[in-house]
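[1] only geometry, no sequence info:
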């Protein structure tokens, strides 16, 4: 995976998101896609790819739910301190969005020991309170908290202690946080049906430490987290998973292990990877903040587009109601399409090729 951390940062302007409605995702033939996209430099052959058509509605909405998942195992002292000290920069960038913020840990157990050695329900997808260790304020909201108040509370809450499980599971924690919307008021309050969802995880080890999960391994699979989100909130839910960990290209990071599962999770959802070994997380969090704000003008696709005809470009086309192709001003990352300039409000059609369901 390329280091997306140094990706293009576009000019941020106000207020459009694009949402794709699940009932309007349809199968197409390769010929249908070719006629919409204007053809390509190659030919789609065999059953390897499937064409899709998806309606897209552009409308104003800046609701973003941001879940922080913090590794609270014994090796994370400097990383928690670094993360806590630089989080204000991230919040400054997203200040104009209608944010919800919550925080949990990578510990998969029912409770996790806090710094005072008291077992707290900050694990397994449960939220750490922002007002005190035993408090009741589980969600920070732009509509209820000033930016400075939210920054102070979030910065303090990130220091979750170092007594948690060494079986770190940021993906599982995200999965369980969503499952808990069935019966946990704090989780129900945090997740909004039509918002964009962003996870920012920090860990010096991969999912289940080494990728081998002894308990509920299915909840630690990147594709299964995406399916859970789509099942719970609909196919139109825009989701981005970012991680501060160790990527394959991070050769200078000697105090953390490689995290191929987190890297795959970020790639699948168009998220970013930053180095957990960095001495200063300012640049990492700045890029994640910019990427988060860009989601207010993005759509989610039903699957990851592919270059089916081998011409060197992803087979994707966006067409307005007059049949005119929108050919510039957007980028595709994972299943997320982000537009660098605002489109006029209205209806569009997205057409694209993905790997067939039975293909790896």
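    Now that the structure is in, tell me what you want to look at. This one's a predicted model, so the numbers in the text were calculated from it and none came from an experiment.
[2] thought residue 47 was touching residue 356?
    Yes: here residue 47 reaches residue 356: they are 5.7 Å apart, a contact under Cβ atoms under 8 Å. Yep, even glycine has a C-beta here, placed from its N, CA and C like the rest.
[3] and the pLDDT at residue 178?
    Note on residue 178: pLDDT of 98.
[4] can you get me a residue count around it?
    By other Cβ atoms under 10 Å, 20 other residues sit near residue 178.
[5] my guess is it meets residue 228, correct?
    Yes: assessed by Cβ under 8 Å, residue 178 is found in contact with residue 228 at 5.8 Å.
[6] now do the same for residue 225: helix, strand or coil?
    What DSSP: H, G, I helix; E, B strand; the rest coil gives for residue 225 is helix.
[7] go ahead and confirm it touches residue 175.
    Yes: between residue 225 and residue 175 there is a contact under Cβ under 8 Å: 5.3 Å.
[8] before we move on, back to that, so residue 47 and residue 356 - more neighbours on which side?
    residue 356 (13 against 8).
[9] grab the nearest non-local neighbour of that one.
    Nearest non-adjacent residue to residue 356, counting by Cβ to Cβ, 6 or more residues apart in numbering: residue 50, 4.7 Å away.
[10] return the set of residues that bridge with the one you found.
    residue 354 (DSSP bridges).
[11] residues contacting it?
    27, 353-357 (Cβ atoms under 8 Å, 6 or more residues apart in numbering).
[12] now residue 92
    147, 289.
[13] rerun that using 10 Å as the cut-off
    147, 151, 285-286, 289 (Cβ atoms under 10 Å, 6 or more residues apart in numbering).
[14] what of residue 337?
    Per Cβ under 10 Å, 6+ apart, neighbours of residue 337: 18, 20, 56, 238, 270, 297-301, 305, 316, 318, 330-331, 350, 352.
[15] so it sits in a strand?
    Yes: Residue 337 forms part of a strand when assessed by three-state DSSP.
[16] residue 304 versus that one, what's the distance?
    Using Cβ to Cβ, to the nearest Å, residue 337 is found at 11 Å from residue 304.
[17] name the residues contacting each of these two.
    270, 352.
[18] now the helix or strand harbouring residue 290: mean pLDDT?
    If you go by DSSP states H and E, residue 290 is part of helix 282-294. Averaging pLDDT along helix 282-294 gives 95.
[19] against which helices or strands is that helix packed?
    strand 63-70, helix 77-93, strand 196-202, strand 239-245, strand 273-275, strand 330-333, strand 336-339 (3 or more Cβ pairs under 10 Å, 6 or more residues apart in numbering; DSSP states H and E).
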